[in-house]
Every structure is written in structure tokens, then in C-alpha cells.
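Undergrad: Sequence and predicted structure, then a few things I'm wondering about:
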Amino acid sequence: MQAAPPNESAARRPRIAVIGSGYWGKNLVRNMHDLQALEMICDTHDETLASLGAQYPSCRLVRAYSDVLRDKTIRGVMIATPAETHAGLVREALLAGKDVFVEKPLCLSVSEGRALVDLARHQNCILMVGHLLWYHPAVLRIQQLIGDGELGRIQYLYSNRLNLGKIRREENILWSFAPHDLSVILGLVKEMPDTVQAQGGNFLHPGIADVTTSLLSFKSGIRAHIFVSWLHPYKEQKLVVVGDRKMAVFDDTEKKDKLLLYPHSIDWKDNFPVPTKAEAQTVALDLREPLRTECEHFLDCIETRKTPRTDGEEGLRVLAVLQQCQEALERKQPPAPAAKAKPAYFAHASAFIDEGVDIGEGTSIWHTSHILKGTTIGRNCKIGQNVVVGPNVKVGEGVKIQNNVSVYEGVTLEDYVFCGPSMVFTNVFNPRSEIPRMNELRPTLVKRGATLGANCTIICGTTIGRYALVGAGAVVTREVPDHALVVGSPARVKGWMCRCGVKLRLKAGRAICEACRSVFRKTPHGVVPVSANAKHGER
């Protein structure tokens, strides 16, 4: 397919970098080049880059991902690397303020996926997952047929995705083949399964499944199964949707008639079901390349800021069911009903969790720590040993509280705060053992991204600014500005910190981070980013 001639519209298109240009990434490169949006290719293999450089001479070639992230002309990245690298690469791109397309699966754990979705929302970045079938005209037509009631009440769905190879070692067949089919089934059914079962076989490698069958049951009564294998004598990619009026068959290996409708019926005679078969009806489709449509959709979402058809939340739903299937494979028996699922957070057996506590998914709480009633802890927090939090304390997402810290009532920790070992919060300014003063609490607020060093003390009634750093052993008695570095007793400002944790260098009225090249403006009250779109997307 030849690229369209340059035009004014193409000149304004967002500039895109493709990360990983191997087995599948080369197809993203081709499409983005044809759409006149390809600016850069990033790959660690010199031979691959040399080959693509000869094919696409106008495109810039880099080996280092950091070169992509530093380039302000790049608005979006498309990640087509091994699945175990997705979480880290997506996170870095979002922190750099880039819109992200990542091939399936979003990542390899629900907790990581939730953190990425939340980060994209915080950074106001697009996060799109490469569930390609939702850009195939046959799947969109099936969705329309279901919505119009032409198939009747949906009873059963099954999909086969079979082939001989490409065999992987970084992920099993479930994680490699099944995300596409799971995405379609969940989208057509419009509900999450209440029971998931799975079984499989490991024939080429004892720790990697080559063949799996997953069974999904939904509260509506719909059932579905997904059969995937890379040990099959021929290629098969088929989805069957059975309704009580018609049955739809989508066969993606067919060159012409990819979608057929079978208006079969079941008649009852003498209380016995009798099937009546009918001729298949061909459904006409515009057989445009789905990947081209998917790439155009990503560019459109970047330009209009609309939510992608396969956004991070959709990717997260698929990831949740994949993880249930994997757990069922490992158990080799049906799972307990979803209502009896274990908490989404981890707490060591010696930890104490009071009633009336809200703890986010992915959070871990370690030995002999105590979370008191009325406390809320966000997702993906790390609570160390011998920590007390509460009562009635609010802790944001991604917070790390190291060993031997007590976070008392009146203290609020925003997202991504770091509390070093044995640092101290107070909540009463002039305590006396014989005089109750709990009605005189002075609130303490630690803003997003601040770091409180080991053994420092925060006197109540103060606010620690965003991305400030309190040195080890310091005693804070007054408000700490955003990005300030404070040390000593009492703590005094001794410099300014970048969000990435590196001390800024002052130069000509500006503060510069030599690590990430962020630039800040010096004011009488501290430093502020030069613009709302600073290197780390700080807002």
C-alpha cells in the first residue's frame, strides 16, 4: 500500500514514535508511515534499525527510549515490545506527558494496570490498548446485529485462535493469543463473568502453557469459551455467536465471506427439540485493514482528546479476566465465586486491620502494622513493618511508609508521598499526659510527591509542599514550599528539588534539573515549573 501524497492535513498530524519494530511493530511502522505520522523508530537491534532506515529514510532512528521521551516533538508513542516490558515503558511515557498506544496485553498484573490507568488520567494522557479486533468491520457488524436484536437473546459464544507458532517464551499462549478474544467477548456481552474456569497443557516447556481452554459464565446466563493453541496443524481464527434467532460466524481466515449469518431455528415437537437448518447469509463488509483503522483512531484520539474505543479501562477489564484464567490454570480446579474473592490488597498475617477501613487494590501491609478505623489508604501503597495509621487518616495512592512510623489522626498524605524510616508526625502542639487535648488537633498536610527523610520530625499544623524533600533528622516547624529542600533543626530551605528527586541548579533566575532537563522559574516563594507541560507533565 502506497503512502498518500503530502497534504496540509497530514502536516498537522501528531508525530509518533514506534517502540519495538520486530514481529508486529514493523506493521505499526508501516501504517504510521503511510499515514504520514511516523517521526521516530526506537529499537535495540542495530540490524533492525538499519533495515528500517533503508525502507523509511525520512524517519529518525534511535536505540535509547530516553531519546524518545526527551523529544518534545513526539506527541504519542506506540509500544510493541514483549509483554513483560509494557508496564515500565507505559509508565515512563505517561510521566513524560506522551499519549500511549500499547499492544495487548496492557501489562501482566491488575494492580500494575490500575496504576497505569490512574496515571494516564492524572497526566491527562491518552492510554489506548491494541485490541485489534475492535477495529475489524466484522466485529463491529456483530455488535450492531446484537444491538438491533437481529440475533435474538445471546446464549453462547465461543472463539478459536489456533496456529502452529509463533511460540513465545516470555508469555504463555493464554496471554499471547487470548486477549483479543476476551476483549471482543466482554464487549459484546457487556458484563464481567462471575465464574472463570481454565485448563491447559504444557507440552514444549514445563512452565509455559501451549494450549488452553477458558470457560466464562455470566450472571445473565450467557456462557463463553476460548480455545487458544500454538500447537495446531493449521491456522484458525473463528468467533461464533449463538442467539435464539440467528447465529453469527466470523472466520478471519476467509478471504471473502468473513461473516455469515445462519438463521437456524429450534422447533419443539412432542416436547422434543428439533433443529431446522437454513442456508447461510453472507454479510457484506468493507474489508479495510483493521490495523490501519486502529492507527487512525489513535491519531484521532490524540487530536480530539476523545476516549479511545479500547482505552485503559477496557484493557484493565481484559487483564482482570486474564489473571483469573491464569489463576484457574495454576489451581487446576474451578475458582470460588467472585463474591468470596480475597481482598485486592495484601496484609501480612501479623498485621491488624480494624473494621471500617478502606484499602486500595495493590497495597501491601507488613509485619505487626496496625490500620485503625476510619482510615482510607489508596492503591499501590507500601506500608512497612511496625507502622500505625489512623484513626481517620487519609493516605493517597502510591504512598510508601517505611518501618516504625505512626501517622496519627489529623495527618493527610497525598499521592506518592515517601515517609522515611522512624520519621515522626505530631498532632498536638503542646501535649500533657494529664490534660486531654485531642479536641485541639492541628492538621498536617503532606502534598503530592513529597519525601520525608529518615528520623525527621514534622510538628503539627504545617504543610509540606509538592515534591519537597525534608532531610534526614530535620525538625519542621513551619510551612515547606513546593520543591523545597529543607534540613536542620529548625529546618531551613537549603535548595530546590526536581520532581525526579535531583537537586536543581540555579542559573540566571531559573532552576534547571541536570538529570531530566526540567526548567523551573524562581519566585519569592520558591520555584514553579516554567509551563504546565513541564518535562514530567506536572500540573
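TA: Structure received.

Undergrad: contacts, neighbours, all on C-alpha from now
TA: Fine.

Undergrad: Hmm, Thr282 is touching Lys256, no?
TA: No - using CA atoms under 8 Å, Thr282 makes no contact with Lys256, being 9.6 Å away.

Undergrad: and the helix or strand hosting Val77, which strands flank it?
TA: According to DSSP states H and E, Val77 maps onto strand 74-79. Applying DSSP bridges, strand 74-79 is found paired with strand 15-19 (parallel), strand 99-103 (parallel).

Undergrad: mind exporting that strand as PDB, just the C-alpha atoms?
TA: In PDB, the C-alpha atoms belonging to strand 74-79 read as follows (Å, rounded to 0.1, in the frame of the first residue of the first chain):
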ATOM      1  CA  ILE A  74       6.800  13.400  19.800                       C
ATOM      2  CA  ARG A  75       3.200  13.500  21.000                       C
ATOM      3  CA  GLY A  76       2.500   9.800  21.000                       C
ATOM      4  CA  VAL A  77       4.300   6.500  21.400                       C
ATOM      5  CA  MET A  78       3.200   3.100  20.100                       C
ATOM      6  CA  ILE A  79       4.700   0.200  22.200                       C
END
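
Undergrad: oh, and call the first residue 14 from now on, that's how I've got it
TA: From this message on, residue numbering opens at 14, which makes the last subject strand 87-92.

Undergrad: And the contacts of that strand?
TA: 27-33, 38, 41, 52, 81, 99, 102-103, 106, 111-116, 315 (CA atoms under 8 Å, 6 or more residues apart in numbering).

Undergrad: who's in contact with the residue nearest to Gly501 when sequence neighbours are not counted?
TA: Nearest residue to Gly501, sequence neighbours excluded (CA to CA, 6 or more residues apart in numbering): Ala487, at 4.7 Å. Counting by CA under 8 Å, 6+ apart, Ala487 touches Gly466, Asn468, Cys469, Thr470, Val499, Val500, Gly501, Ser502, Pro503, Ala504.

Undergrad: In JSON lines, list those along with pLDDT, secondary structure and distance to Thr289.
TA: Shown next, in JSON lines, are these (pLDDT from 0 to 100; DSSP: H, G, I helix; E, B strand; the rest coil; distance: CA to CA, whole Å):
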{"residue": "Gly466", "pLDDT": "96", "secondary structure": "coil", "distance to Thr289": "76"}
{"residue": "Asn468", "pLDDT": "96", "secondary structure": "coil", "distance to Thr289": "79"}
{"residue": "Cys469", "pLDDT": "97", "secondary structure": "coil", "distance to Thr289": "79"}
{"residue": "Thr470", "pLDDT": "97", "secondary structure": "strand", "distance to Thr289": "80"}
{"residue": "Val499", "pLDDT": "96", "secondary structure": "strand", "distance to Thr289": "81"}
{"residue": "Val500", "pLDDT": "97", "secondary structure": "strand", "distance to Thr289": "83"}
{"residue": "Gly501", "pLDDT": "96", "secondary structure": "coil", "distance to Thr289": "86"}
{"residue": "Ser502", "pLDDT": "93", "secondary structure": "coil", "distance to Thr289": "88"}
{"residue": "Pro503", "pLDDT": "96", "secondary structure": "coil", "distance to Thr289": "87"}
{"residue": "Ala504", "pLDDT": "96", "secondary structure": "coil", "distance to Thr289": "85"}
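
Undergrad: Now which of the residues you listed would you call buried?
TA: Gly466, Asn468, Cys469, Thr470, Val499, Val500, Gly501, Ala504 (16 or more other CA atoms under 10 Å).

Undergrad: which stretches of the protein aren't confidently modelled?
TA: 14-24, 180-183, 279-281, 283-284, 287, 345-355, 544-552 (pLDDT under 70).

Undergrad: Mind checking what secondary structure Thr194 has?
TA: For the record, residue 194 is Asp, not Thr. Assigned state for Asp194: helix (three-state reduction, DSSP: H, G, I helix; E, B strand; the rest coil).

Undergrad: The closest residue to it other than its chain neighbours pairs with what?
TA: Spatial nearest neighbour of Asp194, chain neighbours left out: Ser172 (6.7 Å); criterion: CA to CA, 6+ apart. When assigned by DSSP bridges, Ser172 has beta-bridge partners Ile239, Leu252.

Undergrad: Output the contacting helices and strands for the top helix by length along the chain.
TA: Scanning the chain for the helix with the most residues, using DSSP state H, yields helix 325-344. Applying 3 or more CA pairs under 8 Å, 6 or more residues apart in numbering; DSSP states H and E, one finds that helix 325-344 makes contact with helix 123-136, strand 140-143, helix 186-202, strand 208-214.

Undergrad: Could you dump the ones you listed into JSON lines with mean neighbour count added?
TA: As requested, the helices and strands packed on helix 325-344 are arranged in JSON lines below (neighbours: other CA atoms under 10 Å):
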{"stretch": "helix 123-136", "mean neighbour count": "20"}
{"stretch": "strand 140-143", "mean neighbour count": "27"}
{"stretch": "helix 186-202", "mean neighbour count": "22"}
{"stretch": "strand 208-214", "mean neighbour count": "21"}
